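**Q** Show me the folded form of this:
(one chain, ligands or ions: 1)
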Amino acid sequence: MSITVAKSAGFCFGVTRAVDLVYRLLDEGKKVCTLGPIIHNDHVVKDLEARGVCIAGSVDDVPDGYMVVIRSHGVGRPVYEAIEKRGLHFADATCPFVAKIHHIVAERSGMGEVILIAGDENHPEVQGVRGHCRGKSYVFRDAGQLEELVKSHPEFGEKGISIVAQTTFSLKEWKKCLEGAKKVYTNAVIFDTICNATGTRQMEAEQLAAQSDLMIIVGGRQSSNTEKLRSVCAAHCETVLIEEASELPVKQVRRAGSIGVTAGASTPASIIKEVLQAMSEIVNNEMEKQEPVEQEAP
Ligand code: F3S
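**A** Predicted coordinates for the structure are as follows:
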């Protein structure tokens with residue numbers, strides 16, 4: 001039995017930066033309110049709540065006297081305007097990779113181009129990106145949806161289009177989408193905005209899954225990058241997504257000859273450690289059971 005942990009498992013640079021920022025503000029004695037949970041991880045969110053951090057669904061819900069923290073997903077321009085209108089202090093933890101997309105779409109849409117975004121239209125990052133577009137923007141989930149979009153909007157060609165991707169979009173699907181788009185629009189301007197951390201994590205997870213019997217993905221079920229890891233790995237081997245050690249699939253772990261482990265960008269190192277600890281306990285118990293029982297000579 002072998003257990004291999006992906007090197008890229010766990011907190012990415014943008015998440016570390018956002019979480020550290022909140023703890024630093026608390027240490028400075030600030031009253032902090034995040035716009036949505038700072039990350040998709042209950043343990044971290046509960047710890048912050050225990051230290052007095054409140055979570056607001058919108059700027060209107062932020063209590064007076066609290067400092068607003070914009071999380072790594074970023075927000076659209078209307079949210080900055082609402083913060084300014086209320087005169088609230090804020091700290092911006094928008095990941096620089098996301099902020100780069102905001103600049104691109106603001107500039108290109110300002111030039112009159114249509115913005116096409118590969119991603120999930122309900123994801124806060126995508127909503128934030130759309131909130132920086134100065135004209136029309138459209139979201140597509142995969143190559144099929146992009147094709148539909150192109151067919152139903154012949155006017156795209158005249159206006160010129162720019163294509164960006166949600167930072168956690170699937171690398172494989174992105175390549176497929178671009179192949180399709182290039183066939184139709186020779187003049188499409190394409191910005192490769194999938195972040196390095198996501199790309200590396202997905203590639204490493206896929207390689208690990210290809211040589212494992214079982215992949216354990218540790219991360220929040222609400223987390224987009226964790227779900228992408230699950231689907232990338234599921235194409236190669238049995239794959240289970242868990243949020244914490246207690247959800248480990250004991251039977252599958254016992255049966256597997258080789259197990260790969262990776263984790264989403266919002267998973268703290270402490271949870272990965274607990275999962276590995278629980279996994280080695282399951283494996284050791286199993287090995288003890290298989291030890292031949294010594295029998296006394298007749
Ligand atoms: Fe930023 Fe990429 Fe993490 S966009 S928040 S470094 S997954």
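**Q** which stretches of the stretch 51-200 of the chain form strands?
**A** 54-56, 67-70, 90-92, 114-118, 137-140, 161-165, 189-190 (DSSP state E, counting those that start in this stretch).
**Q** Close to the ligand: what parts of the protein are there?
**A** 12-15, 72, 95, 97-98, 167-168, 195, 197-198, 225, 265 (Cβ under 6 Å from any ligand atom). Quick note: C-beta positions are derived from backbone N, CA and C, even for glycine.
**Q** Which ones among those residues map onto helices?
**A** Judged by DSSP state H, those include 13, 14, 15, 97, 98, 197, 198, 225 as members of helices.
**Q** Of the residues of the chain next to the ligand, just the buried ones, PyMOL syntax please.
**A** Buried subset of the residues of the chain next to the ligand, written as a PyMOL selection, criterion 16 or more other Cβ atoms under 10 Å:
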select buried, resi 12+14+15+72+95+97+98+167+168+195+197+198+225+265
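**Q** circling back: switch the strands of the stretch 51-200 of the chain over to JSON lines; also include mean neighbour count, mean pLDDT and distance to residue 108.
**A** What follows is the strands of the stretch 51-200 of the chain, written out as JSON lines (neighbours: other Cβ atoms under 10 Å; pLDDT from 0 to 100; distance: least, Cβ to Cβ, whole Å):
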{"stretch": "strand 54-56", "mean neighbour count": "16", "mean pLDDT": "97", "distance to residue 108": "31"}
{"stretch": "strand 67-70", "mean neighbour count": "21", "mean pLDDT": "98", "distance to residue 108": "23"}
{"stretch": "strand 90-92", "mean neighbour count": "17", "mean pLDDT": "98", "distance to residue 108": "22"}
{"stretch": "strand 114-118", "mean neighbour count": "24", "mean pLDDT": "97", "distance to residue 108": "6"}
{"stretch": "strand 137-140", "mean neighbour count": "20", "mean pLDDT": "97", "distance to residue 108": "10"}
{"stretch": "strand 161-165", "mean neighbour count": "24", "mean pLDDT": "96", "distance to residue 108": "4"}
{"stretch": "strand 189-190", "mean neighbour count": "16", "mean pLDDT": "94", "distance to residue 108": "7"}
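**Q** hang on, the earlier thing: let's have the ones in helices among the residues of the chain next to the ligand in a markdown table, adding pLDDT and distance to residue 143.
**A** Output for those, formatted as a markdown table (pLDDT from 0 to 100; distance: Cβ to Cβ, whole Å):
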| residue | pLDDT | distance to residue 143 |
| --- | --- | --- |
| 13 | 91 | 29 |
| 14 | 94 | 27 |
| 15 | 92 | 29 |
| 97 | 96 | 23 |
| 98 | 97 | 23 |
| 197 | 88 | 24 |
| 198 | 86 | 19 |
| 225 | 87 | 20 |
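**Q** Looking at those residues, which is nearest the ligand?
**A** residue 14 (2.4 Å; Cβ to the nearest ligand atom).
**Q** Just give the closest residue to the closest one, not the sequence neighbours.
**A** Of all residues not flanking residue 14 in the chain, residue 95 sits nearest, at 3.1 Å (Cβ to Cβ, 6 or more residues apart in numbering).
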